[in-house]
Structure formats: structure tokens, C-alpha cells
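K.L.:
curious how this folds, go ahead:
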Amino acid sequence: MRAAIIGATGYTGLELVRILSRHPEVEITALTSERYVGQRYDQVYPAVGTIASRVLEPLNPDAIAVRADIIFTAVPHKEAMQVVPAFIKKKKKVIDLSADFRLSNKATYEKWYEAHTAPELLAKAVYGLPEINRKKIKKAQLVANPGCYPTSIILPLAPLLKDDLIDTGAIIADSKSGVSGAGRSLKTGSLFCEASENFKAYSILKHRHQPEIDEQLSGICGKPVSITFAPHLLPMNRGMLSTIYVTLKSPLSSSALHDCLKRYYKNEPFVRILPEGTLPQTGWVRGSNYCDIGFALSGRRLVLVSVIDNLVKGASGQAVQNMNIMMGFRETMAIDHVPMYP
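P.N.:
Down below sits the predicted model:
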């Protein structure tokens with residue numbers, strides 16, 4: 001299968017190249033970049049060596065569509081909505097890693113982002129969290145790959161919401177991300193001297209992943225949910241940890257909660273429910289597509305902890321997982337490698 005990566009020189013684009021270059025059913029046939037047009041990919045990223053020596057090209061949907069069966073758009077919001085419609089019209093399958101098609105409601109998107117120029121595709125897009133939407137993803141032409149924070153928050157909460165075990169009016173998610181979550185473009189807050197030996201909260205109660213989280217959690221439990229979401233920036237390159245505070249409707253034993261999580265994810269290859277009493281660490285999933293989940297319980301007070309690699313399960317690895325489902329490949333193909341620990 002021929003794959004094109006739009007925006008191949010960002011961190012998520014690089015991660016896609018790293019994963020797809022070892023996918024036995026995929027040939028990368030186009031890599032685009034506006035900044036590095038005309039350069040070989042291994043000149044921009046020498047670490048990839050000869051596995052990716054293709055010359056970077058400008059974005060030309062007509063030319064790329066001829067050479068690709070599936071398109072990954074690894075570009076910022078606003079840029080994606082300008083190019084995705086052209087590929088959809090040409091009957092190509094698209095996995096978009098931006099936020100442009102994650103929200104089903106145009107007004108909600110425009111409240112948190114800006115004017116949407118392709119609202120006709122919002123109803124067509126499938127939210128690409130395989131553990132929740134696998135059947136819809138399998139039939140989709142356009143998949144909206146989830147955000148990293150939402151992935152780390154939705155996965156621990158989904159089983160408890162499905163079983164109506166928690167108070168939906170009192171959910172607090174305290175999440176921390178590595179600096180690569182801000183992308184590769186130059187930002188003052190991402191500079192070494194700003195991020196190193198520093199730890200900060202940002203965009204509390206106004207982060208753009210808030211409506212995405214609320215919409216998906218509301219869909220899972222069938223009623224409106226709005227959580228308190230507090231993101232933080234950690235002085236590390238990659239990784240994400242979410243600590244989620246909830247209140248049980250009725251007391252449950254630790255073993256009963258563990259059984260609930262294990263039962264819900266028993267057939268999911270990339271969600272690992274840790275043994276009772278074990279809390280996950282970001283290093284345990286580094287470079288992998290796993291989400292590790294643990295918890296602590298005292299009476300009706302429950303604290304869930306989840307970790308993912310923000311560039312893999314939080315972005316490009318999940319995108320390839322979605323591609324495998326869409327194309328009928330083994331779901332774990334090319335993303336079943338062991339985490340890079342320590």
C-alpha cells in the first residue's frame with residue numbers, strides 16, 4: 001500500500017516515517033514539507049539513514065493522489081482542513097493528526113479554534129480511538145486521530161463510565177506532557193532554557209483538548225460530561241502521564257475495580273492494566289504504542305493513573321493502528337515493539 005505523509009518533518013511526521021518504514025505492507029511514496037522542499041529526508045533527519053532518503057516535495061494534492069492510497073496529514077489545525085477535502089474528493093483514505101475533524105459540531109470547533117472551512121466533512125469523520133470506535137474506523141474514509149491528552153484520559157475512564165460507576169460531575173484530570181507535545185516549530189516556552197529544570201501548568205480550563213475530551217466522554221456514557229482538565233509541561237522530551245480523580249457512586253473493592261478494567265480491555269493489544277498496587281511510569285511506555293493504567297483506591301475516592309508516549313499512542317502510532325484497521329491488516333503490525341526502557 002502506498003502512503004503519503006503531509007508535513008513529514010514535524011515530530012509526528014518523523015514518527016510516522018519511523019514506523020511506516022518498517023511496515024511490511026506499506027511503501028512511503030511521498031513526503032511533503034514547505035520548509036525543506038528539495039532536500040532529502042535523511043539530510044533533515046540524519047538519524048533515519050537510508051530508510052528514508054526520498055526528496056521532500058511541496059504539497060500538490062493532484063500529484064500526490066496519483067501516487068498514494070492513504071494520506072496522513074501531520075500538519076497543524078487549520079492547515080489540515082485546507083487540504084483534506086481535495087484527497088477525500090479523489091476517494092483517498094485520510095488519517096488526519098490535527099484537531100480539524102475531531103469535533104462533530106462546527107460551532108464548538110469555532111468556539112475553541114477558528115472558522116472551519118470544511119464543515120461538510122465533520123459528520124463524515126470518525127474519531128480514531130480504536131478501543132472505542134473500531135467498527136466505525138474499519139469502514140471510514142476519514143479518520144480524525146485523537147489528541148494525546150484525550151487518549152490518556154478517555155482510556156482509563158471509559159470502562160467506569162460504561163458501567164456507570166463514577167460521579168460524572170466531579171472528574172478532575174491532572175495531566176503532564178513532554179515538550180515534544182508542543183511540536184517542532186520555534187516557541188519560547190519550548191526553548192531549552194525555558195523548559196529545562198522547570199515545571200508549569202498552562203491553559204487550565206481553556207485547553208483546546210477540553211471539548212474533545214468532553215464530547216467523547218459524553219458519548220460513552222450517554223449524557224453530558226464536562227471534566228476539570230489541568231495540563232502541565234514536564235521538562236522531558238516525550239511522554240505523558242494523566243492522574244485522574246473520580247468519586248465512585250458506591251463503594252467497590254480494589255479487586256472489583258481491577259476486574260472491571262481488565263474485562264473491558266481484555267482483547268485490546270495496546271492497553272495494559274497493571275497489577276493492583278502498581279502505578280505506571282512514562283518510561284515504561286517510551287517509544288511504544290501502549291497505554292498503561294493503574295489506580296489507587298480509598299473508600300469511594302479513586303485515583304486513576306495512565307501513561308502513554310505522546311508521539312506514539314498519542315499521535316503517530318495510533319494513526320498507524322487506525323490505518324491497519326482501515327486496510328484490514330493485523331492491527332499490531334509495525335507498532336508491536338517493546339518500549340525503549342530505560
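K.L.:
what residues sit buried inside stretch 319-338?
P.N.:
Buried residues in stretch 319-338, counted by 16 or more other Cβ atoms under 10 Å: 319-327, 329, 331, 333-335. Using the backbone N, CA and C atoms, a C-beta is placed for each residue, glycine as well.
K.L.:
before we move on, what about stretch 301-308?
P.N.:
302-308.
K.L.:
nearest to Tyr113 among these?
P.N.:
Ile308 (23.3 Å; Cβ to Cβ).
K.L.:
these two touch, right, that closest one and Val285?
P.N.:
Yes. With contact defined as Cβ atoms under 8 Å, Ile308 reaches Val285; the gap is 5.9 Å.
K.L.:
identify the contacts common to these two.
P.N.:
Counting by Cβ atoms under 8 Å, 6 or more residues apart in numbering, the contacts common to Ile308 and Val285 are 239, 291-292.
K.L.:
which of these sits closest to Ile171?
P.N.:
Proximity of the shared contacts of Ile308 and Val285 to Ile171 (Cβ to Cβ) peaks at Cys291, which lies at 17.8 Å.
K.L.:
need the contact partners of the least confident helix or strand in the chain by mean pLDDT.
P.N.:
Taking mean pLDDT, DSSP states H and E as the measure, the chain has helix 192-195 as its least confident helix or strand, at a mean of 90. Contacts to helix 192-195, defined as Cβ under 8 Å, 6+ apart, come from residues 179, 188-189, 233, 235.
K.L.:
buried set for it?
P.N.:
Ala195.
K.L.:
now do the SS call for Gly277.
P.N.:
The three-state label given to Gly277 by DSSP: H, G, I helix; E, B strand; the rest coil is coil.
K.L.:
tally of neighbours for it?
P.N.:
Residues near Gly277, counting by other Cβ atoms under 10 Å, number 10.
K.L.:
so where's the stretch 151-300 of the chain uncertain?
P.N.:
Low-confidence segments of the stretch 151-300 of the chain (pLDDT under 70): none present.
K.L.:
which residues in the stretch 201-342 of the chain form strands?
P.N.:
228-233, 240-247, 271-273, 291-298, 301-308 (DSSP state E, counting those that start in this stretch).
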